[in-house]
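# Using only what follows, build the 3D model:
(chains A, B and C)
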Amino acid sequence: MRFAIAGKILHVDLSKEKIWTEPVPEEWIRKFIGSRGINAKILWETMKPGIDPLSPENTLIFGTGTLSGTFAPTSGRTTVTCKSPTTHLYLKTNVGGHWGTELKFAGYDYLVVQGAAKTPVYLWIDNGKVEIRDARHLWGKDVRETTSLLHEEVGDSATQVAVIGQGGENLVFFAAVMVSVYNAAARGGAGAVMGSKKLKAVAVRGQGSIKVADKKEFYRSCHVAIKNSYEDATAKFAHLYGTAGSVPMVNEARAFPAYNFRRGYIEGAEKIGGPYLAESKYLKRRLGCNACIFCCHRYCEIQEGRFAGCYTGGPEYETISALGSGCGSIDLEVVIKANELCNIYGLDTISAGNLIQWAMEGYEKKIFTEQQLGGLRLEWGNGEAIVELLRRIAHREGLGNILADGVKRAAEKIGCGSEKWAIQAKGLEQSRVETRAAFGYALAFAVNPRGPDHLHSETIAEFGTRPGGRRLIKKITGDEKYANPRLMEKRADIVRWHEDCFAATDSLGLCAFINTSRFGVDPQQMADMFSAAIGRRVSEEELMQAGRRILTLEKCFNVREGATRADDVLPWRLMNEPLESLARGQDVMKAVEGKADPAEFVPINSPAMLNRMLDEYYALHDWDLQTSWPYRDTLEKLDLKEVIPELESSGKIPRKK
Amino acid sequence: MIRVKTKIFSQAIPDYFEVDLEEGSSVEILLNRVREGVARENRQAGSHKMAFLNHTHGLVVLLNGMSIYSLSGWTTRLRDGDEVSLLPMFAGG
Amino acid sequence: MKKLVAHPDKCTGCRSCMLVCSFRHTDACSYPGARIKIVSDEGRGIHTPTLCQFCDDPPCATACPVEALAKDPKTNAIHIDESLCNGCQACVGACPFGAMFFDAQREKAFTCDLCQGDPECVKICLLPEALRYA
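Just a heads-up that it's a prediction; the model follows:
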């Protein structure tokens, strides 16, 4: 048995109905750590550029964390990787729950699915035994019902199930892969890829074990991380109020996207916030992902009224903004009901909400025909319309069929100037951060390989609201004064540190919230746990370097697919329309000495501003400024020589001037 | 005299105060004025709010949406029409 | 005498307790090796810790034909004398809580021993506080 990992990659080719395994190469752990990193390596190796993401030629990879299956705090995260149907670029999407750990206990660190089945199937992984089984009787059923049926079928209710609902089956471009019922590998349409393979579910039972190399040191380093996490000021609030707890603060910061990013503030936002939810009759329990000590997830029920009988995990901050304030609503019941539908149909709440908002703005501007609307009254805040439209999206009915292709294609199809209010870039809907109010986030969103969201590097520290965050900004930039989201200076440095850390965190299987959203666990502590687990000393530098290597490999995948600097943009609205709810100039300039022009801050992600930050960012990475592509010696220095031949032969290695 | 709007999130639903201050008053002066006001309130209702207001290290303080720590901290000077929000520390995404 | 009590309404189903318990008592992390098990209804968000209830008159000890089970006077947990245990599993059947477990490889019964008075599971259940030792 190997340390920390089960040691095997499980391959399934659904076209050929073949199953085989290979050992996890030791070198891959050294270079790419695990989970997201090794997934990226497998994706690079198994994919040809230019393929249709919904064809059998896409590879769908499930990768467990190298620390998953231990009690390292928050180590239960899993990465799902493929080419995205909505962006036609690199996609990694991360999920909690308990499925990944179960897969490791079953004896497999990675599941690589290629090809496509002719009729619906599911995979049954019962410890060492792997079978492809008929799933025609499950096709058409939602996530929750399918999970129950599978528990009965395999005779064990402790079975972990990764599954798609009607969303994935109907190839909705923002369909999620759901695990442990309510946990979503949500962004980018991995659920549609699974649906295109006619793979309904992967059911796993794992009764094996995971060993670590140095038990004593592992215990010590984990308990240091646990203690530091617990003592961070926000740990208790994370448990009490969840990510929903951020709602009031972000709204007070005038950065809470409302009405399709037309405003950054909505009156009464506290009524859809974490503290209000915690005191309400809706929150029934708090839940936690595998090995987590924070347990920030929610579980809610609605027992009376128009949505009586609703029960679901969630809502998270993103869902609240996407299906609440974004739609002009502060109705908690609507948010909870909409969340339930997204969970059981298997849809990404961020994108689903984005599409509904786009449609509401379109309705206001009267761009839809009566036939398209099919009786829907999409006024801002109309909860019944939100709920009905979600059902139509999942089943591709009427307007739902147009929306199901994502907001970029929907706007292209409908036209009428609606591209201007399609809040997307690269083809992915932006997540619920007002990047006109936070320039570090703006840069991070623009360069994220999967599209504009906060899960490639979340630079919460730049808000300057927390001592741990200010310390981190000082560590990265040399001065706490750069903990100011309205500044362009040093954003590149801040984003790059966070990218490295995030990649390492994801690849270890740790939850990204542990070290870039709270500040209890730093890369040194992560390296300590990693070292004790695998039995080899890994320094903080080596760990962050591996993080850098992983995100550079992800960048190379996009380069191979044809992405250039022109793709590193933000949505049209955010680049062209300033955010009215924010103060300008004066307040910002109080922070930084010697600024000449007090009116310099404008709450907009203008091309000039973005280009300036991109230049700095690419220069820091040692990538060509014009194309954004990595130079040959950048790749060599990072020990990524393996990507050079292919990139070179397609003319994608830029020459240094 | 300047008038500053203050929102206190010691509970799920915030309390609103409008406070009149002298020109050039700092955020710290505002906080003291709010504490005085809360202390004059019904003792029982006020005690939770007072504990919240006294726990200055655990507060997020926003001036027109910006953290005061990105400005001049507690000595940041206020102007007429400014909006100040006091919240507990949270995280999430 | 301190008691280890589970509060199921606070259990989040994170399984940190199972992972650290198995680590403490075996050479690896696993679910089968844990002396506390979380039983879950994921759809309803209900997670229930199953562990020894430290009965005053333990049915497991009564059922044991070779008197291998006795209360540890220091902790009040069940101590299993492995030199006597013959793997018959009578204790497993006798436990009304399903909290006596069997290691099929070693052919020995096992259950919560309170980690000799410093339970690991309690130390890791910090925020939910679903496990309390007092």
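
# Touching, residue A:199 and residue A:15? I think so.
No: between residue A:199 and residue A:15 there is no contact under CB atoms under 8 Å: 11.6 Å. Backbone N, C-alpha and C define where each C-beta goes, glycine included.

# which one of those two has more residues nearby?
With neighbours defined as other CB atoms under 10 Å in any protein chain shown, residue A:199 and residue A:15 compare such that residue A:199 has more, 27 against 13.

# That one and chain B: what is the separation?
Using CB to the nearest CB, to the nearest Å, residue A:199 is found at 29 Å from chain B.

# show me what contacts that residue?
Neighbour list for residue A:199: A:14, A:60, A:113, A:117, A:120, A:121, A:122, A:123, A:164 [criterion: CB atoms under 8 Å, 6 or more residues apart in numbering or on different chains].

# Go through those and give me the one with the most neighbours.
residue A:164 (29 neighbours).

# Double-check it against residue A:177; I have them as touching.
Yes: at 6.2 Å, residue A:164 counts as touching residue A:177 under the criterion of CB under 8 Å.

# what touches both of the two?
Shared contacts of residue A:164 and residue A:177 (CB under 8 Å, 6+ apart): A:191, A:194, A:346.

# neighbouring contacts of the helix or strand that the second one is a member of?
Using DSSP states H and E, residue A:194 maps to helix A:190-196. For helix A:190-196, contacts defined as CB under 8 Å, 6+ apart pick out A:53-56, A:58, A:60, A:80, A:82-85, A:91, A:93, A:113, A:116, A:164-165, A:167-178, A:185, A:346-347.

# Can you name the element that comes right after that helix?
Downstream of helix A:190-196, the next assigned helix or strand under DSSP H and E is strand A:199-205.

# Could you identify the helix or strand that succeeds that next one?
Following strand A:199-205 in sequence, per DSSP H and E, is strand A:209-210.

# and that following strand, what does it pack onto?
helix A:99-105, strand C:29-30 (3 or more CB pairs under 8 Å, 6 or more residues apart in numbering or on different chains; DSSP states H and E).

# Looking at these, spot the one closest to chain B.
When the helices and strands packed on strand A:209-210 are compared by CB to the nearest CB, helix A:99-105 sits nearest chain B, at 20.3 Å.

# Could you point out the longest helix of the chain?
All of this is about chain A. The longest helix of chain A (DSSP state H) is helix A:540-560.

# you looked at the wrong chain, it should be chain C
Scanning chain C for the longest helix, with DSSP H as the assignment, gives helix C:16-25.

# Residues contacting that one, please?
Residues outside helix C:16-25 that contact it (CB under 8 Å, 6+ apart): A:69-71, A:73, A:209, A:215, A:219, A:288, A:291-293, C:28-38, C:49, C:110, C:113, C:115, C:120-121, C:123-125, C:131.

# swap the cut-off to 7 Å and go again
Contacts with helix C:16-25, where a contact means CB atoms under 7 Å, 6 or more residues apart in numbering or on different chains, come from A:70-71, A:291, A:293, C:28-31, C:33-38, C:115, C:120-121, C:124-125, C:131.

# Kindly report the same for stretch A:354-369.
Residues outside stretch A:354-369 that contact it (CB under 7 Å, 6+ apart): A:260, A:322, A:326-327, A:378, A:380, A:386, A:389, A:393, A:399, A:403, A:407, A:410, A:414, A:416, A:418, A:421-423, A:429.

# before we move on, back to that, inside strands: which ones of the contacts of helix C:16-25?
Taking DSSP state E as the definition of strands, these contribute C:29, C:30, C:37, C:38, C:131.

# Can you tell me how far the second one is from residue C:22?
With the distance defined as CB to CB, to the nearest Å, residue C:30 ends up 5 Å from residue C:22.

# wait, what's in contact with the residue located most distally from the centre of chain C?
Most distant from the centre of chain C: residue C:43, at 25.4 Å, with distances by CA atoms, centre = their mean. Counting by CB under 7 Å, 6+ apart, residue C:43 makes contact with A:144, A:148, A:181.

# With residue A:74 instead?
Contacts of residue A:74 by CB under 7 Å, 6+ apart are A:291, A:292, A:510, A:511, A:514.

# check which helix or strand covers the last one.
Using DSSP H and E, residue A:514 falls within helix A:513-516.

# what does that helix rub up against?
In this structure, residues lying in contact with helix A:513-516 by CB under 7 Å, 6+ apart are A:73-74, A:229, A:458, A:460, A:498, A:501-502, A:505, A:520-522, B:91.

# and with 6 Å instead?
For helix A:513-516, contacts defined as CB atoms under 6 Å, 6 or more residues apart in numbering or on different chains pick out A:74, A:458, A:498, A:501, A:521.

# so can I have CSV of the contacts of residue A:74 showing pLDDT and neighbour count?
Output for those, formatted as CSV (pLDDT from 0 to 100; neighbours: other CB atoms under 10 Å in any protein chain shown):
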residue, pLDDT, neighbour count
A:291, 98, 32
A:292, 96, 30
A:510, 97, 29
A:511, 95, 26
A:514, 78, 28
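
# so of the residues you listed, which ones are in helices?
Among those, the members found in helices (DSSP H) are residue A:514.

# So which residues of chain C form helices?
Assigned by DSSP H, the helices in chain C fall at C:16-25, C:59-63, C:90-94, C:120-124.

# gap between the two ends of stretch C:91-100?
The separation between the terminal residues of stretch C:91-100, taken as CA to CA, to the nearest Å, is 7 Å.

# that older thread, tell me which residues in the helix holding residue A:194 are buried?
Residues of helix A:190-196 classed as buried by neighbour count (16 or more other CB atoms under 10 Å in any protein chain shown): A:190, A:191, A:192, A:193, A:194, A:195, A:196.

# what do you get for stretch C:110-117?
Neighbour-count burial for stretch C:110-117, counted by 16+ other CB under 10 Å, picks out C:110, C:111, C:112, C:113, C:114, C:115.

# hang on, isn't the second one packed against residue C:79?
No: with the criterion set as CB atoms under 6 Å, residue C:111 and residue C:79 do not qualify as a contacting pair; they are 9.7 Å apart.

# tell me the domain ranges of chain C?
Domain assignment for chain C by automatic domain parsing gives C:1-51+C:115-134, C:55-111.
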